[in-house]
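Trainee: coords please:
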Amino acid sequence: MENFTHFMERISYGGLEEGKPVDLILSCVDNFEARMAINTACNELGQIWMESGVSENAVSGHIQLIIPGETACFACAPPLVVAANIDEKTLKREGVCAASLPTTMGVVAGILVQNVLKYLLKFGTVSHYLGYNAMQDFFPTMAMKANPQCSDPYCRIQQEEYKKREAERPKVEVVEEEEEAIVHEDNDWGIEVVSEVTDTELQAATGAVPDLPEGITVAYTIPAESSASGETVVETEQSLEELMAQMRKL
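Mentor: Just a heads-up that it's a prediction; the model follows:
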């Protein structure tokens, strides 16, 4: 209990500014009890945190953003794991420690840090839950709301506080604005912004361009070889001196 009280004090007063709470907590522990302790402290203090973990078979993992009262806490639902589509019996044996793959842990750690940067620096889309299945290169993502019947009483209190904040928040009407075409009156240098790969270049590229999924495009194209009609070099009986004399007259 003494350690738990010290932990809560560090959350409340251990920020960069003296006497201020921390901005975010990262959970990188390896057992259920430690996660529940972090979850209880964050629910009581209303502290946002990110949970991460790697499965016992070491071929899947996940990260999860937990906002007390708004998203599901660690006690709202059973721990989420990513289905690995392999026989668990071949991996779990009595008296044998959980498998460990540094590569899987490195991938999950990288995903966690990337999500932290997006959250703290406020860019991109912050994932509420992102899983990783190394066996099939599968990355499931989703968002899960808090459970009104959560076993953690502080989670239920945070849910009520969140509802009050949402009710007091003024509703903003979204008005669609028409985008006006940007016209540059002065363009002495004739500078134009064009796409790196145009549709014409795609059609003229060598070979068929595959049907690409949304969000992926080709970085560059290889122009198709065109057979020139006629000879490119015209033979002449003039000497080199005569040709040079013609060049001087130009």
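
Trainee: what segments of the chain are strands?
Mentor: 25-27, 49-54, 60-66, 129-133, 141-142 (DSSP state E).

Trainee: can you list the strands that the shortest one pairs with?
Mentor: Each strand pairing with strand 141-142, determined using DSSP bridges, is listed with its direction: strand 129-133 (antiparallel).

Trainee: same thing with the third one?
Mentor: Take DSSP bridges as the rule and strand 60-66 pairs in its sheet with strand 49-54 (antiparallel), strand 129-133 (antiparallel).

Trainee: which one of those lies nearest to residue 147?
Mentor: strand 129-133 (14.5 Å; CB to CB). The C-beta positions use only the backbone N, C-alpha and C, and glycine is treated the same way.

Trainee: now find how far off-centre the closest one is within its chain.
Mentor: Here strand 129-133 is found 11 Å from its chain centre; the criterion is CA atoms, centre = their mean, to the nearest Å.

Trainee: for that strand, list the C-alpha coordinates in PDB.
Mentor: Extracted in PDB, the C-alpha atoms of strand 129-133 (Å, rounded to 0.1, in the frame of the first residue of the first chain):
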ATOM      1  CA  TYR A 129      -6.300   0.300 -29.800                       C
ATOM      2  CA  LEU A 130      -3.900  -1.200 -32.300                       C
ATOM      3  CA  GLY A 131      -3.000  -4.800 -32.400                       C
ATOM      4  CA  TYR A 132      -0.100  -6.600 -34.200                       C
ATOM      5  CA  ASN A 133      -0.100 -10.200 -35.500                       C
END
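
Trainee: so what's the residue count around residue 51?
Mentor: Neighbourhood size, residue 51 [other CB atoms under 10 Å]: 24.

Trainee: tell me the pLDDT at it?
Mentor: pLDDT recorded at residue 51 is 93.

Trainee: try residue 58
Mentor: pLDDT for residue 58: 84.

Trainee: verify the contact between it and residue 101 for me.
Mentor: Yes - the criterion here is CB atoms under 8 Å, and residue 58 meets it with residue 101 at 4.1 Å.

Trainee: who has more neighbours out of the two?
Mentor: Neighbour tally, residue 58 and residue 101, criterion other CB under 10 Å: the higher count belongs to residue 58, 18 against 14.

Trainee: how near is that one to residue 135?
Mentor: Shown here: residue 58 relative to residue 135, a distance of 11 Å by CB to CB, to the nearest Å.

Trainee: please apply the same query to residue 170.
Mentor: For residue 170 relative to residue 135 (CB to CB), the value is 48 Å.

Trainee: which of those two has more neighbours?
Mentor: Remark: of residue 170 and residue 135, residue 135 carries more neighbours, 13 against 4, as counted by other CB under 10 Å.

Trainee: residue ranges in this structure under the pLDDT threshold?
Mentor: Confidence mapping of the chain against pLDDT under 70 gives the ranges 78-99, 182-185, 190, 193-234.

Trainee: ok, 90 please
Mentor: Filtered on pLDDT under 90, the chain yields the residue ranges 1-4, 14-19, 29-33, 53-60, 74-102, 134-138, 140, 142-144, 166-250.

Trainee: residue 74 contacts residue 39, doesn't it?
Mentor: Yes - look at residue 74 against residue 39 with CB under 8 Å: they come within range, at 3.9 Å.

Trainee: which residues are common contacts for the two?
Mentor: Shared contacts of residue 74 and residue 39 (CB atoms under 8 Å, 6 or more residues apart in numbering): 51, 66.
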